[in-house]
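# coords please:
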Amino acid sequence: MLEFHTHTYRCKHAEGDIPDLARQAEKAGYTVLGISDHAPLPKDQNIEIRMSLDEVENYTEVFYEAKAAHPGIKMLLGMESEYFKEYENFYKDELFGKWNLNYLIQAQHLFYSDGRLVYFWRETPGADKLVLKAYAEAVVAGIESQIYSILAHPDLFGVFYAPWDEETAACSRYIIEAAQAYQMPLEINGNGFRKGITDICGIKRFQYPLEPFWEIAAEYDVPVVVNSDAHRPSELHPSSEGLALAERYQLKLAELADIRLSN
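Down below sits the predicted model:
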């Protein structure tokens, strides 16, 4: 079993640390465990949702200690970050170059729309086509940068764009076609299932994953990873809902060889 999306207390909205995740992964029978807490940004921007720059050294030290203590699991050092073109050198030189990450997960929690920085969880749900388009463009730009190894919750737009319509279908195809072109695995996110069914502008559904997105993905040749997105060690286990969704649409589950790794 493979897992690439896990968090620690450093991101300020999770619990536990890397040794706790490693112990849980061992109990659950994982063969590969990626640690991918929210990456810092220059000048500690948006520090409320990510680790700080001065925590990275400890993050890496604790990772290697846990890796040595659990030789039966292939442990990978990663982070999760939004794509911003102005930070490409930071990602390459600092995160990969200085700290020797094995991989980065792209997760577009923040993006610019008409000059405004959008925090997806603060948006009022509705049907703002401009914001939806900006999200898709930010995601595709990140895919095309080839900095990232996995695209987390690509259907995250379900949080702020309520209906499923021709706009969401077009947005989905735009993202999926880019992922196919660059063979970047798409993630079915277990944390979305854990959040449960909610009412979004009178529509009762998961915020994400969005089933119609994955129905479209089934038309393409793109690998899929089912990640737990664990924010506490107890959440680190295979997502039965995610695996069922992948099986329902006969999606190709990614193998380790499908994940672009550095080092």
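# And the strands in the chain?
2-3, 32-38, 74-81, 103-106, 110-113, 116-119, 150-151, 186-189, 197-200, 203-206, 224-227 (DSSP state E).
# Could you say which of those strands is packed most deeply?
Mean neighbour count (mean count of other CB atoms under 10 Å) peaks for strand 150-151 among the strands of the chain, with a mean of 28. The way it works is simple: take the backbone N, C-alpha and C, and place the C-beta from them, glycine included.
# and the residue nearest the centre of the chain, what is it in contact with?
Centroid-nearest residue in the chain, with CA atoms, centre = their mean: residue 152, separated by 2.6 Å. Shown in contact with residue 152 (CB atoms under 8 Å, 6 or more residues apart in numbering): 5, 80, 105-107, 187, 189, 227, 229.
# go again using 7 Å as the cut-off
5, 80, 105-107, 187, 189 (CB atoms under 7 Å, 6 or more residues apart in numbering).
# Mind telling me the two of these farthest from one another?
The largest separation in the contacts of residue 152, counting by CB to CB, is between 106 and 189 at 12.7 Å.
# that older thread, would JSON lines of the strands of the chain with mean pLDDT be doable?
Formatted as JSON lines, the strands of the chain follow (pLDDT from 0 to 100):
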{"stretch": "strand 2-3", "mean pLDDT": "98"}
{"stretch": "strand 32-38", "mean pLDDT": "98"}
{"stretch": "strand 74-81", "mean pLDDT": "98"}
{"stretch": "strand 103-106", "mean pLDDT": "98"}
{"stretch": "strand 110-113", "mean pLDDT": "96"}
{"stretch": "strand 116-119", "mean pLDDT": "94"}
{"stretch": "strand 150-151", "mean pLDDT": "98"}
{"stretch": "strand 186-189", "mean pLDDT": "98"}
{"stretch": "strand 197-200", "mean pLDDT": "94"}
{"stretch": "strand 203-206", "mean pLDDT": "95"}
{"stretch": "strand 224-227", "mean pLDDT": "98"}
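# okay if I get these as a markdown table plus distance to residue 139?
A markdown table is the format used below for the strands of the chain (distance: least, CB to CB, whole Å):
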| stretch | distance to residue 139 |
| --- | --- |
| strand 2-3 | 22 |
| strand 32-38 | 17 |
| strand 74-81 | 13 |
| strand 103-106 | 7 |
| strand 110-113 | 8 |
| strand 116-119 | 13 |
| strand 150-151 | 7 |
| strand 186-189 | 10 |
| strand 197-200 | 20 |
| strand 203-206 | 19 |
| strand 224-227 | 16 |
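# Would you tell me which of these gets closest to residue 249?
Taking CB to CB as the criterion, strand 224-227 is the member of the strands of the chain that comes nearest to residue 249, at 9.1 Å.
# Contacts for that closest one, please.
2-5, 150, 185-190, 238-239, 242-243, 246, 251-254.
# Please repeat the previous calculation with a cut-off of 6 Å.
Here strand 224-227 makes contact (CB atoms under 6 Å, 6 or more residues apart in numbering) with 4-5, 185-188, 239, 242-243, 246, 251, 253-254.
# same question, stretch 234-242
In contact with stretch 234-242 (CB under 6 Å, 6+ apart) are residues 21, 24, 28, 188, 190, 193, 226, 228, 230.
# residue with max distance from the center of this protein?
Distance from the C-alpha centroid of the chain, by CA atoms, centre = their mean, peaks at residue 202 (27.2 Å).
# No further queries at this time; thank you.
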